[in-house]
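>>> structure, please.
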Amino acid sequence: MKTIRVAITGLKRSGKSVFITSLVNQLLNRKDDSMQDFPEKKKNWHIYAELLPLPKGLSRFPYEDNLNALNQDHPEWPCPTTVLSEIHLKFSYRKSANNPLKTFKLEIVDYPGEWLPDLQMLNLPFHEWSRLMISRAKEKTRSKCAREWLQLLENTNVYGPITAQATNLVTAYVQYLLACDDLKAGLMDLQPGHFLNMPPSSKQEFVNFCPLPMPNSTQKRHILSFRQDQALFSEFERRYLQFRNDYIFPFYTKCFRRANVQVVLLDVLQILNWGMGSYNDHRRCIEGVLGRFKYGSIRKFIRPLRPLSKHLPTFLSLEKIEKTIFVATKADHAIPGYHENLTQLVADLVDKVQQAILGPNANAKIIKTYISSIRSTESFSDENKEDIRLRGIVLGHQDKGLADWRARPVPPKFPSEDAWKPEDYRSYSFQPIKFPSKEGTPVPHINLDQLLGHILQDYL
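Numbering: from 1, shown residues only. Down below sits the predicted model:
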């Protein structure tokens with residue numbers, strides 16, 4: 001059976017789990033009136049999907065648990081993802097009654113968004129990664145959170161033997177990452193993100209290093225006066241490399257290596273809320289992460305050979321992402337007149353990395369669009385169509401019930417620093433609507449049918 005693997009690429013709070021839940025729900029309960037543009041606009045294909053059991057050793061995406069959370073009397077968004085999981089579907093279709101039935105397997109992977117920035121570490125030696133992390137810790141948006149760690153770094157002989165101070169350094173660094181995460185300022189490029197999302201049983205196992213300054217020539221000689229395993233810099237470098245091998249590379253391999261299509265979810269409305277610091281952090285992180293992947297088209301007649309790619313020489317590798325779809329999420333938090341502006345904001349955010357994907361050695365397809373995985377609002381206007389509002393239940397104001405809220409503007413591009421006033425773009429977070437109680441009825445969405453068409457159209 002042909003397999004299509006979709007790499008859902010999204011930073012924390014970008015909506016990966018909600019997107020996967022809704023996507024699976026739409027496939028299992030497809031109705032022509034809710035998926036008019038899938039697979040092709042105004043064409044009534046015969047489509048059937050069913051869930052498949054996972055191969056042994058894989059964790060299953062909590063689809064039913066997410067549905068239960070959304071089906072409560074007071075619906076709740078699914079819990080944040082804490083482990084790597086997958087969900088597989090068998091997808092059968094025929095274009096008309098006279099066409100033969102065709103079947104393929106669709107694989108979708110979910111993982112904690114905090115892990116995604118760590119992919120950048122795969123390309124960086126320890127001293128270069130340390131230089132970047134120390135430089136970023138001194139940035140205006142981070143320096144207050146990093147103050148204790150930076151002070152400890154200044155007062156520690158990081159090129160001498162390992163002492164109890166090493167543990168204090170690591171603890172202070174983790175506290176700095178957690179403080180940045182708690183700022184609610186949209187800082188996403190926090191490495192290692194695994195340190196923010198770790199099983200208690202594994203904490204002591206891999207939370208055992210942090211960035212250190214690169215030794216100068218004199219300090220290098222000082223390091224050599226100790227046994228290699230006694231120099232702090234050398235030991236942290238060893239732990240860094242082991243962490244990459246034990247955690248980051250397996251994460252990359254399991255989630256992305258065999259992917260055909262990449263869906264990059266971006267919450268551009270929240271970036272507007274957070275301001276320039278968040279924009280710069282997102283842009284830098286997206287460029288660093290997506291630069292880790294290989295892109296390019298693969299001819300249809302050799303696609304069946306993809307499973308053999310790992311046995312081929314590098315220059316013959318078929319492990320390439322053929323299509324990347326950049327998606328602005330939570331479109332229901334903006335009025336319809338601003339939806340195309342969401343796509344323009346995505347273009348503003350990813351223009352540099354798009355050039356790399358479409359460079360001279362890569363010819364992958366690029367698509368930009370917007371969606372709402374689960375529509376939690378309705379938009380309406382007054383009689384003069386001048387005052388357009390959103391109707392929904394705002395989190396933190398559930399006592400008001402279903403209420404009308406003024407929609408904030410969405411510009412066609414991110415403002416310049418002197419013109420960017422986040423309070424002008426402050427939007428609301430809405431409670432999800434309850435899933436339809438009628439069995440087999442898919443949840444309302446915006447544009448999910450078009451996105452699904454983009455994902456699968458080259459494989460049908």
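
>>> which residues in the chain form strands?
2-10, 46-52, 85-94, 102-110, 261-266, 323-328, 365-370, 378-381, 388-392, 403-406 (DSSP state E).

>>> what helices or strands is the last one leaning on?
Under the contact definition 3 or more CB pairs under 8 Å, 6 or more residues apart in numbering; DSSP states H and E, strand 403-406 sits against strand 388-392. Yep, even glycine has a C-beta here, placed from its N, CA and C like the rest.

>>> run the chain-centre distance for the strand it packs on.
28 Å (CA atoms, centre = their mean, to the nearest Å).

>>> one more: stretch 94-109?
That offset, for stretch 94-109, works out to 28 Å (CA atoms, centre = their mean).

>>> and it, average pLDDT?
Stretch 94-109 shows a mean pLDDT of 87.

>>> before we move on, what about stretch 47-54?
92.

>>> and that stretch, which residues are buried?
Using 16 or more other CB atoms under 10 Å as the test for burial, stretch 47-54 gives 47, 49.

>>> and the strands of the chain, which one is worst for confidence?
Mean pLDDT values for the strands of the chain show the minimum at strand 378-381, a mean of 82.

>>> what pairs with that one, and is each one parallel or antiparallel?
strand 388-392 (antiparallel) (DSSP bridges).

>>> touching the strand it pairs with from outside, list them.
The contact list for strand 388-392 (CB atoms under 8 Å, 6 or more residues apart in numbering) reads 332-333, 335, 337, 376-381, 402-407, 428, 430-431, 433.

>>> now restrict these to buried residues only.
Buried subset of the contacts of strand 388-392 (neighbour count, 16+ other CB under 10 Å): 332, 333, 335, 376, 377, 379, 405, 407, 428, 430, 431, 433.

>>> wait, what's in contact with the third one?
When you say that, I think you mean residue 335. 379, 388, 390, 407.

>>> the first one bridge partners, please.
According to DSSP bridges, the partner residues bridging residue 379 are residue 390.

>>> from residue 322, how far off is the residue nearest to residue 457 when sequence neighbours are not counted?
Closest residue to residue 457 apart from its sequence neighbours, by CB to CB, 6 or more residues apart in numbering: residue 39 at 6.7 Å. For residue 39, the distance to residue 322 equals 18 Å [CB to CB, to the nearest Å].

>>> the chain: helices as residue ranges?
Along the chain, counting by DSSP state H, helices occupy 16-28, 63-70, 126-137, 143-154, 165-182, 203-206, 217-224, 232-243, 249-256, 268-274, 276-290, 339-357, 448-456.

>>> quick one: low-confidence parts of the stretch 101-250 of the chain?
Residue ranges of the stretch 101-250 of the chain with pLDDT under 70: 199-205, 215-230.

>>> repeat that for 90
101-102, 123, 140-141, 155-167, 181-186, 196-208, 213-232, 234 (pLDDT under 90).

>>> and for the nearest residue to residue 375 once chain neighbours are set aside, the neighbour number?
Nearest residue to residue 375, sequence neighbours excluded (CB to CB, 6+ apart): residue 444, at 4.1 Å. A total of 17 residues lie near residue 444 under the criterion other CB atoms under 10 Å.

>>> list the contacts for residue 444?
By CB under 8 Å, 6+ apart, the contact list for residue 444 reads 34, 374, 375, 433.

>>> can you check residue 107 too?
Residue 107 touches 3, 4, 5, 6, 86, 87, 88, counting by CB under 8 Å, 6+ apart.

>>> in a markdown table: those, plus neighbour count and distance to residue 142.
Listed next are these as a markdown table, based on neighbours: other CB atoms under 10 Å; distance: CB to CB, whole Å:
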| residue | neighbour count | distance to residue 142 |
| --- | --- | --- |
| 3 | 16 | 42 |
| 4 | 20 | 40 |
| 5 | 21 | 35 |
| 6 | 20 | 33 |
| 86 | 19 | 34 |
| 87 | 21 | 36 |
| 88 | 19 | 40 |
